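Enquirer: Sequence and predicted structure are below.
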Amino acid sequence: MPLIFASAAPAYTGFEVFWFVLIAILWAGYFVLEGFDFGIGIMLGVLGHGDDLDRRVLINTIGPVWDGNEVWLLVAGGATFAAFPNWYATLFSGFYLPLFLILAALIFRGVAFEFRAKRAFPAWRLAWDHAIFWGSLLPALLWGVAFANILRGVPISANYNYLGSFFNLLNPYSLLGGVTTLLLFSLHGAIFASLKTTGDLRARATRTAMYLAPVATAAILAFLSWTYVNAHNVHNTGLVPPFVPILALAGVAVVGWLLREKLEGWAFVAMAVGLICLVATIFLNLYPRVMVSSISPAYSLTISNAASAPYTLKVMTIVALIFTPLVLVYQGWSYWVFRARVQRPAQGEPEAVEPGPGPESPEPVGATSPTQSPSPGSGVS
Amino acid sequence: MAMTLDLSRWQFGITTVFHFLFVPLTIGLALLLAIMQTASYRTRDDAAKREKWEAMTRFWRRLFLINFAIGVVTGIVQEFQFGMNWSVYSRYVGSVFGAPLAIEALLAFFLESTFLGIWIFGKGRVSAWVHLASIWLVSIGTMLSALFILAANAWMQHPVGYKVVGNRAIMTNFWAVMTNSTLIGSFLHVLFSALVTATMLVLGVSAWHLLKDRRAGHTPQQVFATSAKLALVVGAVAIVATLFFGDNQARIMDRQQPMKMAAAEAIYNTQNGASFSLLTIGDLSGNPIFQIRLPHMLSVLADNNWDGTVQGVNQLQASEAAKYGAGNYKPILWVTYWTFRTMVGCGILMLLILAAGLWLMRKRRLENSRWFLRISVFAIALPFIANTTGWIFTEMGRQPWVVDGLLKTSVAVSHIGTGYVVTSLVGFTAIYSLLGAIDFGLMARFAKDEGDLDEHDDPESEPGSDRVPALVY
């Protein structure tokens, strides 16, 4: 395998580097923010299993913010289109079926948040809760698969077309990447739940996060190790600077300990650092490429051959520099407004009673068998 | 490739039409809700008035939120499908077309999603003033979104501020792209038609309730009487503006896209003082069998001149072929002819309905006018038909071009297997059908439901359902 950029490295313009970094930041923001709301969606099937009210509390922890979190993806997509049209075109047409599945998942999930409360009967709610669960789980898995493939290399031709099939995208490395993001987002969601709920639900969320933490740590360790081996032996790029992947691992690894010390807030921060450093590892390893061609290093898309016109990059840079800080301020403020924990309505309040066809059947939360659908009148314990 | 092309076009069309059933209502209702909430804020010292406006806000916001969700999620497909199905197009235009898309996401999507969250969940956590400001920011977000996406579309209709370098178009002047003459007309036309869409819905649903009250011998509910009046006033202004800017667009189109104008009218041969065809039944080669025409109207419409020249499809085909090489430069004429007619017809009908409503309102006979209220209920369909046919006309009238005069649709499609496109086309169509049906059911249910008009707690729960004050979803 020849060295890729060892000789005659082309010079990249400041705008090209800026947009590469900005898109990396957008993906990092997306992983941190939508990561926990995907995680909450997955937690509906774990923490909220068998109890409609618990699921409702969980959904309301992300209710005001999930839509804003998803916009990070839309901005990343739009920025890629404007700044690196060839990257956008090759990636989106090449990863056609995974993207279709992600879109289908995001459609059902987004609609489910709004629709589930509109009718009271249990089958309706359960159906939308399934939509939220699968609609969160599938993208959580597929984004990892997609990024692992971008980094690993896919068959890209001289004119930047993807020549592989759907099954080229399913390989051990990318599946490991998918499992890694799935576990990381699940853990992130469990930590967020422990941070935003109260009482029994909070305790169970913390417990679940503590169970998940070592598994997620093992996954990210395996993924980073494989990435390290690939970087040195396949791509000859090295993995620089090494503290970034180490921080990615460390962020996830300390979560279990922080949770044992009841430092939920710090566990969330550590998780965010881990996810940011994971995205940074992927993008640093990619740089200056944006998609690796497995056919020939010469066919890889780079920030130079994928880039938009310099004028476009300049205009976009001005717009981004003005509006990104503004967006960060008001989105941050919205998190501040909703900083309170979501209360599960206390037992005995008439408002909290679900209308159900059957009599109230109090049951210990979490004790229902995995196959049993939630009882409509499940009691508040 | 031919199969991939056709299926990709169907997918784009189906997605866009479906998306645009929800978007105009979102834009229009956001503004109406902002107006209603402003009225309730300004009357906060007058309990009776304030309660009426608050009840109105609560009632219409439920419909707004049901509708909003589908508009948002189909918007994601809209943004991604350029790269998925139209990658050659994306490479070619990314430098120009991608910019407004990215700016739309950064400026508009963040604004509307963040402040919608504040608006839905923030009551009691932020001051009444901030709560009111947040619905205004949502409304501004929806309008900004329309502006930037229409800037991208206007560039496809009439490319400006670019040059072609190698095999792609490069932006040279962002200001020119954002002040495209095509954009100004279409933005205002779309914005006001969105307001018309929302007012026709508010009018129709209010009329249904007023009819019900009348049948039951009750006094008409103030919430619906006031909603209907608000809709009539706003709607009347908006429909006049929609028609005005639509007419303005027709003139611009006549200069910039003469083929589309000719196709709108199915004018086969160039003529002076052309008449406007209200209805033509003819064979496909352009020989009319039966028709009703308004003399000189087309020339006036297109050129502002009684004897203005309107070019014909045949002459334009010849000149385009001379300019761009042999090929078919005609859109599908029966599609353009009928969609244009349907759009304009629906617009005129809405103008008549809103004018009649205003007159009845002035005579204080609105609540008792059964015929008008009945018509209003059925008229809810009109703006949706007009919006859909309007977009089908605009996009199909541009064919065979995807970017007028620059890039043909046939070469813009991704080099992907037909099997993938079949999968996504079937998948998306099934998803849209399912969600469309569910949405329609929910909208109808909540439009009929008066349950929480007198309630003061959680506006989200429906009557008789569990009320969990701390939880919204």
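Expert: Looks like it came in fine. Just so it is clear, the model here is predicted, and its values are computed rather than measured.
Enquirer: drop to CA atoms for contacts and neighbour counts, all remaining ones
Expert: Will do.
Enquirer: Next up, the contacts around whichever residue of the stretch 101-250 of chain A sits closest to chain B.
Expert: Residue of the stretch 101-250 of chain A nearest chain B, by CA to the nearest CA: A:I107 (4.9 Å). A:I107 is in contact with A:135, B:70, B:73-74, counting by CA atoms under 8 Å, 6 or more residues apart in numbering or on different chains.
Enquirer: And the strands in the stretch 251-400 of chain B?
Expert: Here the stretch 251-400 of chain B has its strands, by DSSP state E, counting those that start in this stretch, at B:271-272, B:276-282, B:288-294, B:309-310.
Enquirer: correction: the stretch 51-200 of chain A
Expert: Here the stretch 51-200 of chain A has no strands by DSSP E, counting those that start in this stretch.
Enquirer: ranges for the helices of it?
Expert: Taking DSSP state H, counting those that start in this stretch, the helices of the stretch 51-200 of chain A run over residues A:52-62, A:66-83, A:85-94, A:96-115, A:122-152, A:172-196, A:199-229.
Enquirer: Name the nearest residue to residue 74, sequence neighbours excluded.
Expert: No chain specified, so I'll use chain A. Excluding the flanking residues, the one nearest A:L74 by CA to CA, 6 or more residues apart in numbering or on different chains is B:A105, at 6.1 Å.
Enquirer: Correction: the question concerned chain B.
Expert: Among residues not flanking B:T74 along the chain, B:H19 sits closest, at 5.6 Å (CA to CA, 6+ apart).
Enquirer: Pull the contacting residues for the one you found.
Expert: B:70-71, B:74-75.
Enquirer: redo that, cut-off 7 Å
Expert: When contacts are counted by CA atoms under 7 Å, 6 or more residues apart in numbering or on different chains, B:H19 touches B:71, B:74-75.
Enquirer: now, which of those residues lie within helices?
Expert: Cross-referencing those against helices under DSSP state H gives B:71, B:74-75.
Enquirer: before we move on, the earlier item: between the helices of the stretch 51-200 of chain A, which one is nearest to B:P24?
Expert: With CA to CA, the closest approach to B:P24 among the helices of the stretch 51-200 of chain A belongs to helix A:96-115: 17.9 Å.
Enquirer: Output the closest one in PDB with nothing but the alpha carbons.
Expert: Only the C-alpha atoms of helix A:96-115 are listed here, as PDB (Å, rounded to 0.1, in the frame of the first residue of the first chain):
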ATOM      1  CA  TYR A  96     -28.500   4.800  -0.200                       C
ATOM      2  CA  LEU A  97     -30.200   2.000   1.600                       C
ATOM      3  CA  PRO A  98     -28.800   2.700   5.100                       C
ATOM      4  CA  LEU A  99     -29.800   6.400   4.700                       C
ATOM      5  CA  PHE A 100     -33.300   5.300   3.500                       C
ATOM      6  CA  LEU A 101     -33.600   3.200   6.700                       C
ATOM      7  CA  ILE A 102     -32.300   6.100   8.800                       C
ATOM      8  CA  LEU A 103     -34.800   8.500   7.200                       C
ATOM      9  CA  ALA A 104     -37.700   6.000   7.700                       C
ATOM     10  CA  ALA A 105     -36.700   5.600  11.300                       C
ATOM     11  CA  LEU A 106     -36.400   9.400  11.900                       C
ATOM     12  CA  ILE A 107     -39.800   9.900  10.300                       C
ATOM     13  CA  PHE A 108     -41.600   7.400  12.500                       C
ATOM     14  CA  ARG A 109     -39.800   8.600  15.600                       C
ATOM     15  CA  GLY A 110     -40.400  12.300  15.100                       C
ATOM     16  CA  VAL A 111     -44.100  11.800  14.400                       C
ATOM     17  CA  ALA A 112     -44.400   9.400  17.300                       C
ATOM     18  CA  PHE A 113     -43.400  12.000  19.900                       C
ATOM     19  CA  GLU A 114     -46.200  14.200  18.700                       C
ATOM     20  CA  PHE A 115     -48.900  11.600  18.100                       C
END
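Enquirer: so it versus helix A:66-83, what angle?
Expert: Put simply, helix A:96-115 runs at 150 degrees to helix A:66-83, going by axes from the mean of the first three to the mean of the last three CA atoms, to 10 degrees.
Enquirer: B:A48 and B:Q222: what is the separation?
Expert: B:A48 sits 11 Å away from B:Q222, going by CA to CA, to the nearest Å.
Enquirer: And for B:E51, nearest residue in space, chain neighbours not counted?
Expert: Closest to B:E51 by CA to CA, 6+ apart is B:S40, at 7.4 Å.
Enquirer: hang on, that neighbour is in a helix, isn't it?
Expert: Yes. With DSSP: H, G, I helix; E, B strand; the rest coil as the criterion, B:S40 is part of a helix.
Enquirer: residue contacts, it?
Expert: B:50, B:53-54.
Enquirer: can you list the domain ranges for chain B.
Expert: B:2-257+B:331-448, B:265-324 (automatic domain parsing).
Enquirer: What's the mean pLDDT across the first one?
Expert: Read it as domain B:2-257+B:331-448. Mean pLDDT, domain B:2-257+B:331-448: 94.
Enquirer: how long is that domain end to end?
Expert: 47 Å.
Enquirer: Same check on the last one?
Expert: End-to-end distance of domain B:265-324 (CA to CA): 24 Å.
Enquirer: Name the residue of the stretch 201-350 of chain B that lies nearest to chain A.
Expert: Of all residues in the stretch 201-350 of chain B, the one sitting closest to chain A is B:V205 (18.7 Å; CA to the nearest CA).
Enquirer: Wasn't that residue part of a helix?
Expert: Yes. The assignment for B:V205, made by three-state DSSP, places it in a helix.
Enquirer: May I see the buried residues of stretch A:201-215?
Expert: A:201-202, A:204-210, A:212-215 (16 or more other CA atoms under 10 Å in any protein chain shown).
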